[in-house]
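Chemist: Compute the structure for the input listed below.
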Amino acid sequence: MPSYEASMRNLRRARARWRPPRPWRSTEEAQMIRRFVCYWFTCCDSSKPSARAWARQLGISHTWIQKLVRRFKADSNKMRRLQAHGDPRAADLNWAQGRSRRMREHGELRFSRRAKLIERCL
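Modeler: Here you go, the predicted structure:
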């Protein structure tokens with residue numbers, strides 16, 4: 001069994017080397033996704049898609065939509081701030097996704113597991 005001092009020394013070394021992980025997407029893309037989820041959440045139309053369908057269209061997981069909806073319910077000011085920018089546009093989301101793609105190519109963002117699998121297959 002290692003000594004307590006050795007364990008603490010190893011823990012200090014590990015903490016000194018630790019860096020926060022790179023984000024999955026650019027801040028612009030994350031903001032646009034939040035705006036689209038807010039738009040979806042406040043929609044009163046009878047043909048409103050399910051959370052899973054909406055997530056599929058945005059290219060995210062439905063659990064992130066659930067997390068954002070919980071945040072909106074807990075703090076309605078966040079939702080109002082997002083709505084102040086107006087309705088989101090698909091062109092803005094495409095631009096933000098392109099920015100994420102360029103940042104990923106330069107190594108500023110993490111690759112998704114799906115992208116890694118696609119890369120391996122090619």
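Chemist: My guess is Ser100 contacts Glu108. True?
Modeler: No: assessed by C-beta atoms under 8 Å, Ser100 is found out of contact with Glu108, at 9.3 Å. (Glycine included, C-beta is placed from N, CA and C.)
Chemist: Could I get the contacting residues of Lys78?
Modeler: Lys78 is in contact with 71-72, counting by C-beta atoms under 8 Å, 6 or more residues apart in numbering.
Chemist: Distance of it relative to Arg101?
Modeler: Distance, Lys78 to Arg101, using C-beta to C-beta, to the nearest Å: 27 Å.
Chemist: what does Lys48 give?
Modeler: Between Lys48 and Arg101 the computed distance is 29 Å (C-beta to C-beta).
Chemist: Ok, Tyr39 next?
Modeler: For Tyr39, the distance to Arg101 equals 23 Å [C-beta to C-beta].
Chemist: could you show me where the helices are in this structure, in order?
Modeler: With DSSP state H as the criterion, the chain has helices at 4-17, 27-42, 51-58, 62-74, 76-83, 90-105, 113-121.
Chemist: got any ranges where this protein has weak pLDDT?
Modeler: 113-119, 122 (pLDDT under 70).
Chemist: Apply 90 and report the result again.
Modeler: Within the chain, the stretches with pLDDT under 90 are 1-2, 18-26, 42-48, 59-60, 75-87, 100-101, 103-122.
Chemist: And the residue nearest the centre of it?
Modeler: Nearest to the geometric centre of the chain sits Ala30, at 5.4 Å (C-alpha atoms, centre = their mean).
Chemist: Could you find the closest non-adjacent residue to that one?
Modeler: Excluding its sequence neighbours, the residue lying closest to Ala30 (C-beta to C-beta, 6 or more residues apart in numbering) is Pro23, at 7.7 Å.
Chemist: Tell me how many other residues crowd that neighbour.
Modeler: By the other C-beta atoms under 10 Å criterion, the neighbourhood of Pro23 contains 14 residues.
Chemist: ok, it touching Leu109?
Modeler: Yes: using C-beta under 8 Å, Pro23 makes contact with Leu109 at a distance of 5.9 Å.
Chemist: Brilliant, that's me finished.
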